[in-house]
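K.L.:
here's my sequence, what's the structure:
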Amino acid sequence: MKIKALVMDVDGTLTDGRIYIGSDGECMKAFNVKDGYGIAQILPKHGILPIIITGRASAITERRAEELNIHCLYQNVSNKVSVLKKIMDENKLVSDAVAYIGDDLNDLPAMKVCGCVGCPNDSTKEVLEYADYVCTKNGGAGAVREFIDYIVKECEHEIRK
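P.N.:
Next up, the predicted model:
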């Protein structure tokens, strides 16, 4: 089945998971341009909707989502499954048409709702064991782009086992 949506976590997936906090309380995160190119250029060409669901709220993430034309941004989410199911209902998506990339235990319940699951190479053990595709790259180092390339070439014709 063709993948129609890609759900992404942020911290540890789109970033390396580090949050820099300055003495005045300003926060910084680093995003990878290759991930950005995949999201903004490759996903639209294949009709794949980019979605971010993250447990942490950040103006930085909002800004990055705007730059990449990600209109489905959900922050400060403790129950990713309920948000994901709502998105799937609103967009008439079946599980097999949704891919998910995340790195930690809070992603696992939502991963279990999706048809194709990926994770960065430095994910937690449980996520590494569950994923259909383990990226060679770490979070924030191009893992999302690698997974995008994978779903475009391989996962679009597979149905989750």
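K.L.:
hey, where'd the helices end up in this protein?
P.N.:
Assigned by DSSP state H, the helices in the chain fall at 33-37, 43-45, 59-67, 80-90, 108-111, 125-130, 143-153.
K.L.:
and of those, who's closest to I19?
P.N.:
helix 59-67 (9.1 Å; Cβ to Cβ). Where you see a C-beta, it was placed from the backbone N, CA and C, and this is true even at glycine.
K.L.:
report all helices and strands that the closest one contacts.
P.N.:
Packing contacts for helix 59-67, counted by 3 or more Cβ pairs under 8 Å, 6 or more residues apart in numbering; DSSP states H and E, involve strand 72-74.
K.L.:
which strands border the strand it packs on, and is each parallel or antiparallel?
P.N.:
strand 49-53 (parallel) (DSSP bridges).
K.L.:
now do the partner strand against helix 80-90, angle only.
P.N.:
150 degrees (axes from the mean of the first three to the mean of the last three Cα atoms, to 10 degrees).
K.L.:
right, so the helices of the chain: which one is the most enclosed?
P.N.:
helix 143-153 (a mean of 22; mean count of other Cβ atoms under 10 Å).
K.L.:
how about low-confidence regions in this structure?
P.N.:
Scanning the chain for pLDDT under 70 picks out 1, 155-161.
K.L.:
what do you get if the cut-off is 80, keeping everything else the same?
P.N.:
1, 25-26, 154-161 (pLDDT under 80).
K.L.:
which one of the helices of the chain lies closest to G25?
P.N.:
With Cβ to Cβ as the measure, helix 59-67 is the member of the helices of the chain nearest G25 (12.2 Å).
K.L.:
what's that closest one in contact with?
P.N.:
With contacts defined as Cβ atoms under 8 Å, 6 or more residues apart in numbering, helix 59-67 is touched by 10, 14, 27-29, 31, 36, 40, 52, 54, 71, 73, 75.
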